[in-house]
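Visitor: need a structure here:
(one chain, ligands or ions: 1)
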Amino acid sequence: MGSFRVERPHFLCPATVTVTSYGFVVSGVGPKLCNDQRGRIAVAEPDFKLQVGAVQRRLIEALDSVVSSGGYREFLEFAAKLPNYSARNTLLIFSQARERGFTPSIVMGYRAWLTRGRHVKRGERGLRICVPVTSKSSGSLGQVEPVLRYFKSATVFDISQTEGEAIPEPLLPCFLEGEADQFLFDFCVAEVEKLGFSVHFGELEGCNGQTNFTDRSVVVARGLPPLQKVKTVLHELAHATMHNRADIEVPTAELEAESSAYLILGTLGIQSEDFSVPYLIRWSKGETKDVEDASLRVSDFVVNFLRRYYDGVFNRVGAEFNPEGKVA
Ligand SMILES: [Zn+2]
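Guide: The predicted structure is shown next:
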């Protein structure tokens with residue numbers, strides 16, 4: 001009889017195994033495991049619905065506190081005044097910047113930068129874009145409508161090419177640093193594969209993961225920190241499970257996928273606020289209610305995942321005990 005600690009996947013880790021006269025008990029952050037008098041393993045499953053609900057409330061509180069902060073409002077006001085570039089111009093900006101070895105973040109014309117208290121540094125070469133030139137003409141019902149005449153070339157500059165007054169900090173998702181449990185990672189990958197998707201690690205532009213329904217593949221960006229990689233696989237697992245429908249809008253899918261990853265990790269005792277909160281704020285445009293609704297819609301998916309994971313953990317733990325009920 002006695003107690004010792006065992007290393008287990010995150011929500012059991014560190015767990016304490018106590019060997020008693022009737023067998024052994026594993027107690028830890030998560031569920032309890034004991035064997036009954038006949039030597040069978042008896043498991044009391046935790047109430048995942050309750051636990052997920054608590055994590056959901058924590059998420060909404062975290063979002064609320066950021067959205068109501070002065071810094072966020074200042075950034076929103078700033079962002080509202082930024083020019084909106086077309087998909088084609090965004091591509092032009094990115095490809096030219098990349099050729100010159102930088103990633104653009106905030107891009108405006110020379111004069112627009114001056115109105116924000118910054119000026120383009122001497123010798124900087126601008127990025128070329130195409131802007132439509134329109135003129136006003138009277139519509140058939142007498143109203144004035146803009147009519148496209150032609151496109152002209154214009155020059156814009158990235159913030160890194162300018163200097164001057166500081167601008168409000170954009171709220172950017174930060175990679176989750178730190179180690180991840182290998183069993184959890186393997187389990188998540190296996191869950192994606194069970195849906196008939198192949199999982200690859202490769203080069204991705206501007207995102208950490210991608211779910212393709214046409215060739216049923218999930219690509220995860222190579223070189224992510226281990227914990228970020230687990231979160232990304234969970235995010236893509238949620239897409240692969242719930243979003244193969246034409247009627248789903250991108251922001252809705254992103255809110256559901258990221259809140260799924262957040263809720264699963266949160267219930268396992270792993271914090272992903274640094275990445276998930278800015279990501280959810282960006283896709284919800286700061287509408288906490290939209291995130292709350294999304295996180296409620298994914299509850300069943302999250303709870304079912306946790307149940308399967310829990311079974312997976314216990315199959316593994318069970319396999320490590322010998323039939324006499326002694327710890328191997
Ligand atoms: Zn996504």
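Visitor: in contact with whichever residue of the stretch 1-150 of the chain sits closest to the ion, which residues?
Guide: Here the stretch 1-150 of the chain gets closest to the ion at one residue, L59, 16.9 Å apart by CB to the ion. Bear in mind the C-beta positions are built from the backbone N, C-alpha and C, glycine included. Counting by CB atoms under 8 Å, 6 or more residues apart in numbering, L59 touches S259, Y262, L263, G266, S276, V277, L280, V291, S295.
Visitor: same check, this time on E258
Guide: By CB under 8 Å, 6+ apart, the contact set of E258 is H235, S276, Y279, L280, W283.
Visitor: which of these sits closest to the ion?
Guide: Closest to the ion, out of all of the contacts of E258 and judged by CB to the ion, is H235, at 5.5 Å.
Visitor: check what pLDDT the closest one gets.
Guide: With respect to pLDDT, H235 has a value of 97.
Visitor: try the one 4 residues further on
Guide: Listed pLDDT for H239 reads 97.
Visitor: what's the nearest residue to it if we skip its chain neighbours?
Guide: T211 (4.1 Å; CB to CB, 6 or more residues apart in numbering).
Visitor: quick one, what contacts the one you found?
Guide: F197, S217, V218, E236, H239, A240, H243.
Visitor: what sits against the second one?
Guide: Which is S217. F197, S198, V199, H200, T211.
Visitor: test of understanding: give the bridge partners of the last one.
Guide: Each beta-bridge partner of T211 is listed here: V218, as defined by DSSP bridges.
Visitor: check the offset of stretch 159-179 from the chain's centre.
Guide: With CA atoms, centre = their mean, to the nearest Å as the basis, stretch 159-179 stands 18 Å off its chain's centre.
Visitor: next one: stretch 119-138
Guide: So, by CA atoms, centre = their mean, the centroid of stretch 119-138 is 34 Å from its chain's centroid.
Visitor: and if you look at stretch 230-238?
Guide: 8 Å.
Visitor: which outside residues touch the longest strand seen in the chain?
Guide: Selection of the longest strand in the chain by residue count, based on DSSP state E, yields strand 144-158. With CB under 8 Å, 6+ apart as the test, strand 144-158 has contacts from 93, 97, 102, 104-110, 113, 120, 124, 126-139.
Visitor: can you narrow those residues to ones near the ion?
Guide: Applying CB under 5 Å from the ion, the subset of these adjacent to the ion is empty.
Visitor: list buried residues within these.
Guide: I93, A97, P104, I106, V107, M108, G109, W113, V120, G126, L127, I129 (16 or more other CB atoms under 10 Å).
Visitor: hang on, the earlier thing: restrict the contacts of T211 to those near the ion?
Guide: Within the contacts of T211, nothing lies near the ion by CB under 5 Å from the ion.
Visitor: which among the residues you listed end up buried?
Guide: F197, S217, V218, E236, H239, A240, H243.
Visitor: and the gap between the third one and G71?
Guide: Right, the one you point to is V218. Distance of V218 to G71, given as CB to CB, to the nearest Å: 35 Å.
Visitor: ok, back up a step: can you check the pLDDT for the residue of the stretch 1-150 of the chain closest to the ion?
Guide: L59 is given a pLDDT of 95.
Visitor: so it is in which element?
Guide: helix 48-67 (DSSP states H and E).
Visitor: pull that helix out as CSV, backbone CA atoms only.
Guide: Provided in CSV are the C-alpha atoms of helix 48-67 (Å, rounded to 0.1, in the frame of the first residue of the first chain):
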residue,chain,number,x,y,z
PHE,A,48,-18.2,17.0,-19.0
LYS,A,49,-21.3,19.2,-19.7
LEU,A,50,-20.7,20.9,-16.4
GLN,A,51,-17.0,21.4,-17.0
VAL,A,52,-17.4,22.6,-20.5
GLY,A,53,-20.1,25.1,-19.3
ALA,A,54,-17.6,26.5,-16.8
VAL,A,55,-14.9,26.9,-19.5
GLN,A,56,-17.5,28.6,-21.8
ARG,A,57,-18.2,31.2,-19.1
ARG,A,58,-14.5,31.8,-18.6
LEU,A,59,-14.2,32.4,-22.4
ILE,A,60,-17.0,34.9,-22.5
GLU,A,61,-15.5,36.8,-19.5
ALA,A,62,-12.1,36.9,-21.2
LEU,A,63,-13.6,38.3,-24.4
ASP,A,64,-15.7,40.8,-22.5
SER,A,65,-12.8,42.1,-20.6
VAL,A,66,-10.7,42.7,-23.8
VAL,A,67,-13.6,44.2,-25.8
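Visitor: since that was my last question, I'll sign off now.
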